[in-house]
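A.B. asks: Generate a structure from the sequence data that follows.
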Amino acid sequence: MRHTVLVLAALVCVGCRGAADALLPRERPIRELAYAGDRPDAPPLEQRGNAAFESAAFDDDGRFLVTVPFFPGQPGLNVFDARTGELLSRPDVGIPNTQKEVWMIDGKRGRLLGQKHPETGFRLVDLRTGAGIAQIPGEPNDRHPAVAGGLVGDGSEVLLFKPGWLEVWQLDPPRLARRAASPLPEDKYFPTGVGGIPATYNDKMFWEWSPDRSALAMAITPVFSPMSESHFYLVDAVTLAITELTMPSERASRTLTSFAFSPDNRWLAIGTDSELLLYDRTKAAWGATIPGDQRRSPRLGAMRFTPDSARIIALGDQLQVSVYDVATGARLGRHEPEFENWEGVFEAARDGSRIVVYKFVSDTFEVFDGRDAKRLGFVCPYFCNAKHNPNQPPYALSPDGTRAAISHRRGTAIWDTGTDQIIVPLRDPAKKPLPYPYQR
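C.D. replies: Down below sits the predicted model:
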C-alpha cells in the first residue's frame, strides 16, 4: 500500500516529471533502438539547453531559428543563429495565428513580419537586433482584422486576407500595392473549412505558397456540415488574378486535407478526404489521381514533393506515410506504424528529402527517406523509447532536413538527424538553468 501511494504521489507531483519517468518500467516499444529511457551518453542536466519553446521555424536558408518561448510568460520571440546556437535577439512580436501559426521569415534580409495583437496590424522587425523596422497599421475598432497569408515573391511584399478583399502590401516602405475582390465569403474571409488529417499533427493549413511565392493555393468550405464541399482556388500573387479549379471528376462533399507545390513550381498536389489529385500548372491540366486506401479512412494529405519534383509524399490516416510517382501515380514506398503507435506529429523538410515523425506511445523521433519512406534512423533527445504518456516535444526541421530543433523536457538543442548527435544546445540566459524545474 505504501509503495502504491508513493508511486501515485510521484506521478501527480507538479514539476516532478523526471521522478515519474524514473518509476516507469523500461519496455522498449522500438526494439531496433538501443535506448529505453534516459540516454547514457547524454550530457548532465546542468549542461543542457534551457531555451524551451512551444513552436519554432527555420528560415528558408537555415540561417536563423525563430522560437515561441515556452511558458512562463516571456513575451515575444527568441531568434537564434541556427549554426552556432547564439541567442541573437528577442523581438517584441508574436507569430500571427489563424488555425496555425503563419511564419513570415525573410532570412536573406534578416527580418520577420510579426504581430502583437490582431487589431494593431503587423510589425516588421530585424532578426539580429529585434528592433522594429516598419509597421502595417491595423484598425483598432475592426471586428474583422486582416489575416496574414504570407510573404510574396522575394519577401518584399505580404498578402493579407480582408472581408471581401485580397490585398498585397509593399513592405519597403509599407503601403498598399494592389487589391482584388476575394472569392471567399465575407463571414469566412480567410481560407478555412471542413477537412484536415485527424490523429496526426502537421504544418498544413487551408492555403499554401508555391516555392517561388508567386502563386497561392487556397480552399474554403462555405457551409460547415458533414455534407460540405470545398472550393479550390489558385491566386496569382503578382496580378491577383484568381482561378477556381474545376475538379477532374464530379464528387459530392469533396473536402481538403492539404496542398503541396513541387519545387519546380509546376505541380500542385491537392489531398482530399478520399484521393490525391495532381494538377499540372504548365499545361493547366490534371494529371494522375491517386485513390486513398488508408486504414480507417481514405483521406490522403499532400505533404511535400521530393527535390526533383518527381515524387509526392502523402500522409494518410493513423500516421501512414506513402510516396507516389508523380507521372504515373504508382506507389513507390510506404511506412506503416506499429499497432498502437499510430498517433503523432509529421514534419517533412521543405525540400522533401527527409521526414521526421514523432510518435506518442513510443516517445520516439523517427527519420525517414523522402524518396521511399524507408526508415533511416532515430533522434533520441536525451530520453526516448519508453512507453508512457509524454508531453509532445515541439520540434522544427531545417529546410534540408539535416537538423532538427527539439524542445524536450530534458533539454533543448539542435540535433543532427543523420547521426543522432547534438549540434548545439539552445540556451537562454533569462531562464533558470536546468535541472530546475526539470530535475530527475
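A.B. asks: CA atoms only: put stretch 49-69 into PDB for me.
C.D. replies: The C-alpha coordinates for stretch 49-69 follow below in PDB (Å, rounded to 0.1, in the frame of the first residue of the first chain):
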ATOM      1  CA  GLY A  49      20.000  23.900 -23.300                       C
ATOM      2  CA  ASN A  50      17.200  25.600 -21.300                       C
ATOM      3  CA  ALA A  51      15.600  27.700 -24.100                       C
ATOM      4  CA  ALA A  52      12.400  25.600 -24.100                       C
ATOM      5  CA  PHE A  53       9.900  26.600 -26.800                       C
ATOM      6  CA  GLU A  54       6.300  26.000 -27.800                       C
ATOM      7  CA  SER A  55       7.000  26.100 -31.500                       C
ATOM      8  CA  ALA A  56       9.800  27.100 -33.900                       C
ATOM      9  CA  ALA A  57      10.700  27.600 -37.500                       C
ATOM     10  CA  PHE A  58      13.900  27.900 -39.600                       C
ATOM     11  CA  ASP A  59      14.200  30.500 -42.400                       C
ATOM     12  CA  ASP A  60      14.400  29.200 -46.000                       C
ATOM     13  CA  ASP A  61      18.200  29.100 -45.900                       C
ATOM     14  CA  GLY A  62      18.600  27.600 -42.400                       C
ATOM     15  CA  ARG A  63      20.500  30.600 -41.100                       C
ATOM     16  CA  PHE A  64      18.000  31.600 -38.400                       C
ATOM     17  CA  LEU A  65      15.900  29.700 -35.900                       C
ATOM     18  CA  VAL A  66      12.900  31.600 -34.500                       C
ATOM     19  CA  THR A  67      11.100  30.200 -31.500                       C
ATOM     20  CA  VAL A  68       8.000  31.000 -29.400                       C
ATOM     21  CA  PRO A  69       9.300  30.700 -25.900                       C
END
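A.B. asks: ok, residues contacting the helix or strand harbouring A405?
C.D. replies: Using DSSP states H and E, A405 falls within strand 403-408. The set of residues that contact strand 403-408 without belonging to it, under CB atoms under 8 Å, 6 or more residues apart in numbering, is 51-54, 56, 58, 62, 65, 67, 70, 82, 356, 365, 379, 381-383, 393-398, 412-417, 423, 426. Glycine gets a C-beta too; all of them are placed from N, C-alpha and C.
A.B. asks: mind running it again at 6 Å?
C.D. replies: Counting by CB atoms under 6 Å, 6 or more residues apart in numbering, strand 403-408 makes contact with 52-53, 56, 65, 356, 379, 381-382, 393-397, 414-415, 417, all of which sit outside it.
A.B. asks: What about those residues, which are in helices?
C.D. replies: Here DSSP state H is the test, and the contacts of strand 403-408 give no hits in helices at all.
A.B. asks: and which of those is nearest to G37?
C.D. replies: For those, the closest approach to G37 (CB to CB) belongs to Y382, at 9.9 Å.
A.B. asks: Number of residues surrounding that closest one?
C.D. replies: Y382: 23 surrounding residues under other CB atoms under 10 Å.
A.B. asks: ok, now D372?
C.D. replies: 16.
A.B. asks: quick one: it and G333 touch, right?
C.D. replies: Yes - D372 is within contact range of G333, at 3.3 Å (criterion: CB atoms under 6 Å).
A.B. asks: Now do the shared contacts for those two.
C.D. replies: With contacts taken as CB under 6 Å, 6+ apart, D372 and G333 have V323 as neighbours in common.
A.B. asks: And the helices in the stretch 1-150 of the chain?
C.D. replies: Under the criterion DSSP state H, counting those that start in this stretch, the stretch 1-150 of the chain carries helices at the ranges 2-12, 17-23.
A.B. asks: How about stretch 107-127, which residues are buried there?
C.D. replies: Of the residues in stretch 107-127, 107, 109-115, 118, 120-127 count as buried by neighbour count, 16 or more other CB atoms under 10 Å.
A.B. asks: coming back round to it: by mean pLDDT, show me the worst of the helices of the stretch 1-150 of the chain.
C.D. replies: Lowest mean pLDDT within these: helix 2-12, a mean of 34.
A.B. asks: Got the domain ranges for this protein?
C.D. replies: For the chain, the structural domains run 2-86+192-425, 87-190, going by automatic domain parsing.
A.B. asks: Make a markdown table from these and add distance to P435 to it.
C.D. replies: What follows is the domains of the chain, written out as a markdown table (distance: least, CB to CB, whole Å):
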| stretch | distance to P435 |
| --- | --- |
| domain 2-86+192-425 | 4 |
| domain 87-190 | 20 |
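A.B. asks: who's in contact with stretch 278-293?
C.D. replies: Under the contact criterion CB under 6 Å, 6+ apart, stretch 278-293 has outside partners 248, 266-269, 274-277, 298, 300, 324, 329.
A.B. asks: Going by distance to V102, which of those residues wins?
C.D. replies: Distances from V102 to these, taken by CB to CB, are shortest for L268, at 19.9 Å.
A.B. asks: What segments of the stretch 251-400 of the chain are strands?
C.D. replies: Taking DSSP state E, counting those that start in this stretch as the criterion, the stretch 251-400 of the chain carries its strands at 256-261, 267-272, 275-280, 285-291, 300-305, 311-316, 321-325, 331-335, 344-348, 354-359, 364-369, 375-379, 383-384, 395-397.
A.B. asks: Paired strands for the last one, with orientation please.
C.D. replies: Right, the one you point to is strand 395-397. strand 403-408 (antiparallel) (DSSP bridges).
A.B. asks: How about the fourth one?
C.D. replies: Under the criterion DSSP bridges, strand 285-291 sits next to strand 275-280 (antiparallel) in its sheet.
A.B. asks: could I have the strand it pairs with exported to CSV, CA atoms only?
C.D. replies: What follows is strand 275-280 as a C-alpha-only set of coordinates in CSV (Å, rounded to 0.1, in the frame of the first residue of the first chain):
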residue,chain,number,x,y,z
GLU,A,275,-7.9,10.9,-53.0
LEU,A,276,-4.8,12.9,-54.0
LEU,A,277,-5.1,15.0,-57.2
LEU,A,278,-2.2,16.3,-59.3
TYR,A,279,-2.6,19.5,-61.3
ASP,A,280,0.0,20.4,-63.9
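A.B. asks: now the stretch 151-300 of the chain, which segments are flagged as low pLDDT?
C.D. replies: 225-227, 294 (pLDDT under 70).
A.B. asks: Do a quick rundown of the helices in it.
C.D. replies: With DSSP H, counting those that start in this stretch, there are no helices along the stretch 151-300 of the chain.
A.B. asks: Can you pull up the most central residue in this protein?
C.D. replies: Taking CA atoms, centre = their mean, the centroid of the chain lies closest to D203, which sits 2.9 Å from it.
A.B. asks: if I look at that residue, how far off is V147?
C.D. replies: Using CB to CB, to the nearest Å, one gets 17 Å for the distance from D203 to V147.
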